[in-house]
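Colleague: take this sequence and fold it.
(2 chains)
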Protein chains: 2
Amino acid sequence: MEQELIEKFTKIVGDAYAITDQALIAPYLLEQRGLFHGKTPLLLRPSSTAEISSIMRLASQTCTPIVPQGGNTGLVGGQQPDESGNSVLLSMERLNKIRCMNLEGNIAVVEAGVILQDLQKKVDESDRFFPLSLASEGSCQIGGNLSSNAGGTAVLAYGNMRELCLGLEVVLPDGRILDDLRFVKKDNSGYDLKNLFIGAEGTLGVITAAVLKLFPRPKGKAVALVGLCSPAKALGFLSLAQSHGVGMLTGFELMGKFSLQMALDYKMCEKSPLEHEHEWYVLINISSLQSEDEALSVLSIILEEALKDTVIEDAVIAQSLKQQDFFWQLRESISSAQKLAGGSIKHDIAVPTASIPDFIAEATLIVEDIIPGARVVCFGHMGDGNLHYNITQPIGADSAAFLRLWAQINHSIHSLVMHYKGTFSAEHGIGQLKREELRTFKSPVALDIMQGIKKTLDPLGIMNPRKIL
Amino acid sequence: MEQELIEKFTKIVGDAYAITDQALIAPYLLEQRGLFHGKTPLLLRPSSTAEISSIMRLASQTCTPIVPQGGNTGLVGGQQPDESGNSVLLSMERLNKIRCMNLEGNIAVVEAGVILQDLQKKVDESDRFFPLSLASEGSCQIGGNLSSNAGGTAVLAYGNMRELCLGLEVVLPDGRILDDLRFVKKDNSGYDLKNLFIGAEGTLGVITAAVLKLFPRPKGKAVALVGLCSPAKALGFLSLAQSHGVGMLTGFELMGKFSLQMALDYKMCEKSPLEHEHEWYVLINISSLQSEDEALSVLSIILEEALKDTVIEDAVIAQSLKQQDFFWQLRESISSAQKLAGGSIKHDIAVPTASIPDFIAEATLIVEDIIPGARVVCFGHMGDGNLHYNITQPIGADSAAFLRLWAQINHSIHSLVMHYKGTFSAEHGIGQLKREELRTFKSPVALDIMQGIKKTLDPLGIMNPRKIL
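Modeller: As a prediction, this is how the structure comes out:
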């Protein structure tokens, strides 16, 4: 990149916020799974929508690729520049203001660089609730959550990031600002542009701010870890919980035996919270707007009913906030725990919830056929039909040889998913990692429309290039 | 239109389903408010996606405008051809199959021409529930509901049509078929195309089928008509109902005194269900998945609490299914009743729910200032912030002179709505009626993106031309 261009970009954000020192840039290029090794000559850290508008205007005048980055927690490489070293990296971290919070209207206008956990806390202090909840919430940012249409554990009750957003402010690739910061839930005044930018992984524009929905803060919650014998029983348990806990079921996570065991080992627990071992586990979360007592009483009714009907084998209710947190930490640490067990081939799939038992059975046969001894780490958001169906290498196997089967296993599992009219990317997106899968499994007509939209909004192809498409 | 072209279209659907007799076409050109007087030389009534694909292929080869039409109940003229007489009218009524119903998965795959009420009944027979509910449900069709992103009275609990749809099948303007009939709630595999076609009023393609969400059928409901003194009190009542009826509040409709009186007159009721007259009314609906008793008990708690706190002035609970229906009919007949009271200037607006009291007060001052004696007919989906803020002419005034103020009143009310970050079209869409308002109140950047998308998907401009844009 020519020095003159770097200086022009620098002038927009100021010397202190245009970084060319590779040592300072390095953390932004670190990708947590080690799958992508991007390069950039320049990291920009603007502080306002106006600055981003100027950056994009200059980028479009000079045909410079721009890669927006939030908290750098994405799992598909969408936030990383490619290895050409031609792209400018645009960190959103300084757009970190909550512009306003309207408590009566249950609305917050939030800039893209606000860290999710910071928003959760701020909202909590105002006796409201922002439900999005992810393992990476301590560092991921609202802009990234929107650009990846983040999911997580609260989707069951509150929806994806898409459902939590009422309006957007977006800087287009040519620098123009789309101000669509609407405050209303219903709006039929023309094409739905909001949902086009949400989930577009920064390939159509830079989301700079959003109007987010707030909710009444639950007054209490109750959490239980439940042991059961099969995914079919888990499905029955889900249905029971839904009918007895109307409006109160706020978490329903499935975990296979091996997933929980890995999490317990990772947390260095010698003893499981449940007395005996079970083939499958469910982490269930009940929230009440009234009181902790109500949450506890509804959870108890659900568990009693389920035990009576032998839908579940055993259950333990968390006895303190600390224990509630611990149960959730077990669930959230499965991904980290998996790293210690060797090579891992991952799937972020969704199938209709009712098909989960069949899917797991069939998928596991496929895996055992291709890699005898491979260990299935199956866990996830059962209530949404969304499973992280991961495969850990057989004990003692060669990790590199195992990982060479990535594409073959992916293809087989994703083909099965398509048979169920499901998806090969339920919540993590496409980024760089799943571009091939997109070409394989998305209909050519859909791909063509996507290409057309990309070309319309970003005719120069400078907006996060070679991501998704 | 040349005879040769008419014959080619006729060949696709068969002689019986290509209508050129203007007497037979007339009902399709009748627009319920009498605002639009479209013409067409040819009405096509295809029976399959394949036929529609052939129609669109021929249309794009010959640059023939196509206007898709569902149940012809739209309120903005989106389903009507223009007066040029160049467009072919495409009735979807014969695509009326429910392709499949997956009860375990709570999913139905439904063709565009299925009448909403037919779907509701079919689903009800299977002990499930499809929540979309509109005054026109006896004749409106699923394709029209999708193309207009229909709202109605159940949005509060279940969302708009957008939220009720998991996937679409769409015939593009060039005849290609987009098969995006997904069965899952979570899908981050590329741009969100579904939401682009939903609410596009047939200007980007022809929706031919959809995957719709089904819900557990409520076992009982309880309905009350409530009298209160102000919109501010109604807001307090809403908040009370939401916190005591978590997951059970399935309707919350506001009606002004004059709205209810008109509905009572229309229904030829001499006596209101409530003993005294009130300035404002709320129709509240509580549903239970367990039993009618539960619904009734929750409603009673809400009403007692509200009476105790003087949030409401009086309430009457419907004592039978018949009376429940009657209360709802009062609400649903306001529009029809309004026709009898003379000229009417209408607004389908949304503002943040918390701003409704202020909005009503300010809007009413505006109206009284422009047209002294005009009568405000204000009613609608308060829980969604969506009001039908209509103006009926002063008693004895000249209707034509009154209606000449349409644009001025619209502009003033819609300007107020924009001040509240709301919308001038909450649920009815743009069609032909609100194209000017769209140009006035939508940001130029948003309009430009919409134009770009239209051009990408429909480069010849044959798909429902001069609607929305």
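Colleague: and the strands in the stretch 101-250 of chain A, which stretches?
Modeller: Ranges of strands in the stretch 101-250 of chain A, per DSSP state E, counting those that start in this stretch, are A:107-111, A:128-129, A:165-171, A:177-180, A:206-213, A:215-216, A:220-228, A:249-256.
Colleague: what's in contact with the first one?
Modeller: Under the contact criterion C-beta atoms under 8 Å, 6 or more residues apart in numbering or on different chains, strand A:107-111 has outside partners A:95-102, A:119, A:123, A:130, A:142-143, A:166, A:181, A:183, A:208-214, B:352. Quick note: C-beta positions are derived from backbone N, CA and C, even for glycine.
Colleague: recalculate using a threshold of 6 Å.
Modeller: Contact partners of strand A:107-111, identified using C-beta atoms under 6 Å, 6 or more residues apart in numbering or on different chains, comprise A:95, A:97-101, A:142, A:183, A:209-212, A:214.
Colleague: equivalent analysis for the third one, please.
Modeller: Under the contact criterion C-beta under 6 Å, 6+ apart, strand A:165-171 has outside partners A:52-53, A:56, A:177-182, A:194, A:197, A:205-212.
Colleague: what does the last one give?
Modeller: Among residues not part of strand A:249-256, those counted as contacts by C-beta under 6 Å, 6+ apart are A:153, A:156-157, A:234, A:238, A:241-242, A:281-285, A:287, A:331, A:378-379, A:382-383.
Colleague: quick one: it to chain centroid distance?
Modeller: 16 Å (C-alpha atoms, centre = their mean, to the nearest Å).
Colleague: pLDDT on that strand, on average?
Modeller: Strand A:249-256 carries an average pLDDT of 97.
Colleague: and it with strand A:220-228, angle?
Modeller: Relative orientation of strand A:249-256 versus strand A:220-228 (axes from the mean of the first three to the mean of the last three C-alpha atoms, to 10 degrees): 30 degrees.
Colleague: direction included, what does strand A:249-256 pair up with?
Modeller: In the sheet, strand A:249-256 lines up against strand A:280-288 (antiparallel), strand A:375-381 (antiparallel) (DSSP bridges).
Colleague: can I get it in PDB, CA atoms only?
Modeller: Provided in PDB are the C-alpha atoms of strand A:249-256 (Å, rounded to 0.1, in the frame of the first residue of the first chain):
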ATOM      1  CA  LEU A 249     -38.400 -21.300  29.400                       C
ATOM      2  CA  THR A 250     -35.300 -19.300  28.700                       C
ATOM      3  CA  GLY A 251     -32.700 -22.000  28.100                       C
ATOM      4  CA  PHE A 252     -32.700 -25.600  27.000                       C
ATOM      5  CA  GLU A 253     -29.200 -26.900  26.100                       C
ATOM      6  CA  LEU A 254     -28.500 -30.500  25.100                       C
ATOM      7  CA  MET A 255     -25.200 -32.100  26.000                       C
ATOM      8  CA  GLY A 256     -23.900 -35.600  25.200                       C
END
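Colleague: show me what the longest helix seen in chain A is packed up against.
Modeller: The longest helix of chain A (DSSP state H) is helix A:292-308. If you count contacts as 3 or more C-beta pairs under 6 Å, 6 or more residues apart in numbering or on different chains; DSSP states H and E, helix A:292-308 packs onto strand A:220-228, helix A:231-244, strand A:280-288.
Colleague: 8 Å instead, please
Modeller: strand A:220-228, helix A:231-244, strand A:280-288, strand A:314-317 (3 or more C-beta pairs under 8 Å, 6 or more residues apart in numbering or on different chains; DSSP states H and E).
Colleague: buried residues, the first one. List them.
Modeller: Judged by neighbour count (16 or more other C-beta atoms under 10 Å in any protein chain shown), strand A:220-228 contains these buried residues: A:Lys221, A:Ala222, A:Val223, A:Ala224, A:Leu225, A:Val226, A:Gly227, A:Leu228.
Colleague: and stretch A:264-272, by the same measure?
Modeller: Within stretch A:264-272, judged by 16+ other C-beta under 10 Å, the buried ones are A:Leu264, A:Tyr266, A:Ser272.
Colleague: what's the closest non-adjacent residue to A:Glu104?
Modeller: If the residues on either side of it in the chain are set aside, A:Glu104 comes closest to B:Ala354, at 4.1 Å by C-beta to C-beta, 6 or more residues apart in numbering or on different chains.
Colleague: hang on, the earlier thing: secondary structure for the buried residues of stretch A:264-272 - can I get that in JSON lines?
Modeller: As requested, the buried residues of stretch A:264-272 are exported to JSON lines (DSSP: H, G, I helix; E, B strand; the rest coil):
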{"residue": "A:Leu264", "secondary structure": "helix"}
{"residue": "A:Tyr266", "secondary structure": "helix"}
{"residue": "A:Ser272", "secondary structure": "coil"}
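Colleague: any idea which of those residues is closest to chain B?
Modeller: Taking C-beta to the nearest C-beta as the measure, chain B sits nearest to A:Tyr266 out of the buried residues of stretch A:264-272, at 26.3 Å.
Colleague: okay if I get the strands paired with strand A:249-256 as JSON lines plus mean neighbour count and mean pLDDT?
Modeller: Formatted as JSON lines, the strands paired with strand A:249-256 follow (neighbours: other C-beta atoms under 10 Å in any protein chain shown; pLDDT from 0 to 100):
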{"stretch": "strand A:280-288", "mean neighbour count": "27", "mean pLDDT": "98"}
{"stretch": "strand A:375-381", "mean neighbour count": "24", "mean pLDDT": "96"}
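Colleague: got these as JSON lines, with distance to B:Ala426 columns?
Modeller: Output for the strands paired with strand A:249-256, formatted as JSON lines (distance: least, C-beta to C-beta, whole Å):
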{"stretch": "strand A:280-288", "distance to B:Ala426": "30"}
{"stretch": "strand A:375-381", "distance to B:Ala426": "32"}
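Colleague: tell me the pLDDT of the most centrally placed residue in chain A.
Modeller: Centroid-nearest residue in chain A, with C-alpha atoms, centre = their mean: A:Ala150, separated by 3.9 Å. We have a pLDDT of 98 for A:Ala150.
Colleague: got it, and the one 5 residues further on?
Modeller: Among the per-residue scores, A:Val155 holds a pLDDT of 96.
Colleague: got the contact list for it?
Modeller: Counting by C-beta under 8 Å, 6+ apart, A:Val155 makes contact with A:His381, A:Gly383, A:Asp384, A:Asn386, A:Glu427, B:Lys185, B:Lys186.
Colleague: rerun that using 7 Å as the cut-off
Modeller: A:Val155 sits next to A:His381, A:Asp384, B:Lys186 when contact means C-beta atoms under 7 Å, 6 or more residues apart in numbering or on different chains.
Colleague: got phi/psi on the second one?
Modeller: Torsion angles at A:Asp384 (phi, psi; degrees, to the nearest 10) stand at phi -100, psi 0.
Colleague: surely it and A:Leu156 touch.
Modeller: Yes. Counting by C-beta atoms under 7 Å, A:Asp384 touches A:Leu156, with 5.8 Å between them.
Colleague: and the worst-scoring helix or strand of chain A on mean pLDDT, what other elements does it pack with?
Modeller: Least confident helix or strand of chain A, by mean pLDDT, DSSP states H and E, is helix A:334-340 with a mean of 91. For helix A:334-340, the packing partners by 3 or more C-beta pairs under 7 Å, 6 or more residues apart in numbering or on different chains; DSSP states H and E come out as helix A:257-266, strand A:375-381.
Colleague: burial check on the residue of chain A at minimum distance from chain B, number of neighbours?
Modeller: Nearest residue of chain A to chain B, counting by C-beta to the nearest C-beta: A:Gly247, 2.3 Å away. A:Gly247 has 16 neighbours, counted by other C-beta atoms under 10 Å in any protein chain shown.
Colleague: ok, it - contacts?
Modeller: By C-beta under 7 Å, 6+ apart, the contact list for A:Gly247 reads B:Val246, B:Gly247.
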